[in-house]
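A.B. asks: could you look at this predicted model? Sequence included:
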Amino acid sequence: MSVADLPSSAAMRRATADPDRRQASAGWLMSAPALALMLTILIAPVLLALMLSFTDYSLGNPSFNWVGWDNYERIFTRSTYTKMLSATFTYVITVVPLSVGLGLGAALLIQSLTRGAAIYKAVYFLPVMATLLAMTIVWQLMLHPSIGVINRGLEGLCAMPFTRGLLSLSFLGLSPEATWFGRVCTEGAPLWLGDRDYAIWVVCFIGIWQGFGFNMVLYLAGLTGVSRELYAAAEMDGARSYWERFRLVTWPALGPTTVFVVTITCIRAFQAFDTVEALFSPGGGPGKSVYVMMFAIYEKGVTQNLMGIGAAITVLFLIFVMILTLIQHWITERKVHYT
Amino acid sequence: MATVTLRGIRKNFKETEVLRGIDLAIADGEFVSLVGPSGCGKSTLLRIIAGLESASGGSIEIGGAPVDRLRAADRNLSMVFQSYALYPHLTVAENIAVPLRMRQLNTAQRLPLIGRAVPGARERGREIDARVLEAAKTLEIDQLLDRKPGQLSGGQRQRVALGRALVRAPAAFLLDEPLSNLDAKLRVHTRTEIAELHRRLAATFIYVTHDQVEAMTMSSRIAVMMSGEILQCDAPTRIYEDPNDLRVAEFIGSPRINVLPAESDSSGRISVLGKGLPLALHEGRQTLQLALRPEALSLTHHTPLLQGRVVHAENLGHEVFVQISLDGAEQRVVLRTDPAMQAQLHLGAKVGLTFDPNRALIFDAKGQRQRNLLRALQEIPA
């Protein structure tokens, strides 16, 4: 054995004198591969996007220029991006409460069933299992202005005097222009996808239709955790109506589930893309009324190869999601009670 | 406060008969325990009284009025659950206030935030707060009013559950094994407290437990239930000393009562393990069972009725339970004795046992108590 193989006396003294430090460095060494992976595949792309958002880079270009806050300024000043933010928030604000509410409602109804619950679960979950892109094409067909089932159906209802009178409320003495159905009969059925008043709501509807089954499943799982004895206690305490028991027992017990469901639904709503891509590509719908964020990122960053602005929207998107996550954290800490 | 009367209560879960015709009359202010092994139907019976479960047959009256058609919320009963069933999102004060808020405030007044602005809500709210504080003081939990159930110990939660039950004056209190989740020491303490609470409130209590000690120590009467029937309903001392059924004798008392095979000859005279006793039945020859409490047995050196060897001894400090394997019989008997005697009772020691024939309980082969005994020798016909 050579002298070089022996640890120097100083190193040995250091090692024996400070075992904590030695253990700490061993710890860092062992977690280094995991840390390296985390940095390269999770954090680096986000930092890269952040960096690109301050440039005018295009894929294939040998170089780029730093443009500072220009990309962000454009987002908040140009009307296209104002429309993008408006479409995104309209979508999120409509889809989140309705798909969470419907999911909860469906879960409560299914749970109250003694028979046939499995069938309802399967049926409501069908849209979640089917790919959204494929289902969107079906919807496109159904919503077709002249050959679609929906407008054919509306025309059929207008043709029958009884349903026309009933649905346009003309039996109450209202003029045909006073109700939506009356206008459909006189002016013709709407161009669902071509009308800027309808397009975003159609997309919202498809989003809710597709998403609430997922929320229902999460709520069904949450409902199994509600103690039966609490309902008995509520009944003994004089909670006579279903609503009282819901407020006293079910809703608080579903708190953790609700926080999770709302956060997931919000993030999914911000990520809405398939429907818009299938129905309104290119352009983002009539008057850019359905120009949601994900679609904008795709259009700018991929289709038009404007990486800089695409990255800026991405960063903005990440900020919204981060804010949502922080709100979730805050609510969980303060308002939700885990038993 | 009110009487509770049960007539022929039956309950079937599909094919299984859980309750087979329960008749029970509970007087105003009485503390009745329903005690029995698990699965005997005692909790089901309590839930039927509460209205949380419907009976398959029979009728219930509370305070003389039939309640069969009333739902649980309208029966004016309070219940303490085994799991306490506290609302986890409400503070202790809010938990205790729930029964009052539900009954004394209307729907508008109960609304969150705006409810307080509804006319009358403020005064009612103040009344409720006062009642909650009073109940909390009774149970010495007034320091905990702002905490959530998650921050309380098992014993404290149990008190909150009691507080929620006694904050209003119901017709009767129903308690479903309220002590079973507490540790042994706290259980003994809370037992006393519940008994004192009952004395102070002079209210009707129906208490379900599988623990015979709880039933013995707190109740005015014990209803011993087994396989869906009440075998006997009597004062604790009667249940212990004078059981009607061997199953009652075996269930009540710790350690278990000693049961020895006995028989009566054609003249009715009873003998146990071949030794004649100064006891006789009017009926002729039959197989019997003779039951003896551990304290009815005593050690003797002269003319022992039973003989055996010590196989195990448990010293509890103030008393010793000695297990003795009898000569000429398969089973063991348990003897309760003074710790001073333990020196003689080393393992394997040969001992002689005797008992006062008057303290022996005689049951027939089916376990029914035989009461028409002729006690003194001279009464026995030759």
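C.D. replies: Arrived safely, thanks for sending. Numbers count the residues shown, from 1 in each chain, chains lettered A, B, ... in the order given.

A.B. asks: after the top helix by length along chain A comes which helix or strand?
C.D. replies: Counting by DSSP state H, the longest helix found in chain A is helix A:79-112. Downstream of helix A:79-112, the next assigned helix or strand under DSSP states H and E is helix A:117-129.

A.B. asks: what's that following helix packed up against?
C.D. replies: Using 3 or more C-beta pairs under 8 Å, 6 or more residues apart in numbering or on different chains; DSSP states H and E as the contact criterion, the elements in contact with helix A:117-129 are helix A:79-112, helix A:199-224. C-betas here are computed from N, CA, C, even on glycine.

A.B. asks: winner for burial among those?
C.D. replies: Of all the helices and strands packed on helix A:117-129, helix A:199-224 carries the top mean neighbour count, a mean of 21, counting by mean count of other C-beta atoms under 10 Å in any protein chain shown.

A.B. asks: local confidence estimate at residue B:361?
C.D. replies: pLDDT for residue B:361: 90.

A.B. asks: need the pLDDT of the nearest residue to it once chain neighbours are set aside.
C.D. replies: Nearest residue to residue B:361, sequence neighbours excluded (C-beta to C-beta, 6 or more residues apart in numbering or on different chains): residue B:291, at 4.3 Å. On the pLDDT scale, residue B:291 is placed at 92.

A.B. asks: OK, contacts around residue B:291?
C.D. replies: Applying C-beta atoms under 8 Å, 6 or more residues apart in numbering or on different chains, we find residue B:291 in contact with B:246, B:249, B:250, B:257, B:258, B:259, B:260, B:360, B:361, B:362, B:363.

A.B. asks: who wins on neighbours among those?
C.D. replies: The most neighbours of any of these, using other C-beta atoms under 10 Å in any protein chain shown, belong to residue B:249, which has 28 neighbours.

A.B. asks: could you report the distance from that one to residue A:99?
C.D. replies: Going from residue B:249 to residue A:99 by C-beta to C-beta, to the nearest Å gives 64 Å.

A.B. asks: could you find the closest non-adjacent residue to residue B:85?
C.D. replies: Using C-beta to C-beta, 6+ apart, the nearest residue to residue B:85 is residue A:233, at 3.7 Å.

A.B. asks: can you check residue A:211 too?
C.D. replies: Residue A:211 sits nearest to residue A:99 (C-beta to C-beta, 6+ apart), 4.4 Å away.

A.B. asks: pretty sure that neighbour contacts residue A:216?
C.D. replies: No - the criterion here is C-beta atoms under 8 Å, and residue A:99 misses it with residue A:216 at 9.3 Å.

A.B. asks: packing partners for the longest helix of chain A?
C.D. replies: For helix A:79-112, the packing partners by 3+ C-beta pairs under 8 Å, 6+ apart are helix A:70-77, helix A:117-129, helix A:199-224, helix A:255-270, helix A:293-297.

A.B. asks: re the thing from before, now the strand or helix carrying the residue nearest to residue B:85: buried residues?
C.D. replies: Secondary structure assignment for residue A:233, by DSSP H and E: helix A:228-236. Of the residues in helix A:228-236, A:229, A:230, A:231, A:232, A:233, A:234, A:235, A:236 count as buried by neighbour count, 16 or more other C-beta atoms under 10 Å in any protein chain shown.

A.B. asks: quick one: residues in contact with it.
C.D. replies: Against helix A:228-236 from outside (C-beta under 8 Å, 6+ apart): A:244-245, A:248-249, A:253, B:47, B:50-52, B:71-73, B:77-79, B:81-83, B:85-87, B:98-99.

A.B. asks: tell me the helix or strand right after it.
C.D. replies: Counting by DSSP H and E, the next helix or strand C-terminal to helix A:228-236 is helix A:242-245.

A.B. asks: please see if that following helix touches chain B.
C.D. replies: Yes - under the criterion of C-beta under 8 Å from any C-beta of the partner chain, chain B is reached by helix A:242-245 at residue A:244.

A.B. asks: how about that helix as PDB, C-alpha atoms only?
C.D. replies: Extracted C-alpha coordinates of helix A:242-245, given in PDB (Å, rounded to 0.1, in the frame of the first residue of the first chain):
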ATOM      1  CA  TYR A 242     -81.900  17.400   2.700                       C
ATOM      2  CA  TRP A 243     -80.500  20.800   2.200                       C
ATOM      3  CA  GLU A 244     -79.800  21.200   6.000                       C
ATOM      4  CA  ARG A 245     -78.000  17.900   6.100                       C
END
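
A.B. asks: off-centre distance for it?
C.D. replies: Relative to the centre of its chain, helix A:242-245 is centred 30 Å away, using C-alpha atoms, centre = their mean, to the nearest Å.

A.B. asks: in it, what's buried?
C.D. replies: Buried-residue list, helix A:242-245, by 16+ other C-beta under 10 Å: A:244, A:245.

A.B. asks: hmm, who's touching the next helix or strand after that helix?
C.D. replies: Sequence-wise, the next helix or strand downstream of helix A:242-245 (DSSP H and E) is helix A:251-253. The contact list for helix A:251-253 (C-beta under 8 Å, 6+ apart) reads A:222, A:225, A:226, A:227, A:230, A:337, A:339, B:87, B:88, B:89.

A.B. asks: what's near enough to touch the second one?
C.D. replies: The contact partners of residue A:225, taken as C-beta under 8 Å, 6+ apart, are residue A:253.

A.B. asks: quick one, phi/psi of it?
C.D. replies: phi -90, psi 0 (degrees, to the nearest 10).

A.B. asks: helix or strand: which one has residue B:39?
C.D. replies: Short version: residue B:39 belongs to no helix or strand, going by DSSP H and E.

A.B. asks: what separation is there between it and residue B:58?
C.D. replies: As judged by C-beta to C-beta, residue B:39 and residue B:58 stand 20 Å apart.

A.B. asks: of these two, who's got more company?
C.D. replies: residue B:58 (17 against 13).

A.B. asks: pLDDT (mean, whole number) over the helix or strand containing the more buried one?
C.D. replies: Using DSSP H and E, the element containing residue B:58 is strand B:57-62. The average pLDDT for strand B:57-62 rounds to 90.

A.B. asks: then it to PDB, C-alphas only?
C.D. replies: What follows is strand B:57-62, C-alpha atoms only, in PDB (Å, rounded to 0.1, in the frame of the first residue of the first chain):
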ATOM      1  CA  GLY B  57     -93.000  -4.700  13.500                       C
ATOM      2  CA  GLY B  58     -94.200  -3.400  16.900                       C
ATOM      3  CA  SER B  59     -94.800   0.100  18.300                       C
ATOM      4  CA  ILE B  60     -93.000   2.700  20.300                       C
ATOM      5  CA  GLU B  61     -94.500   5.300  22.600                       C
ATOM      6  CA  ILE B  62     -92.600   8.200  24.000                       C
END
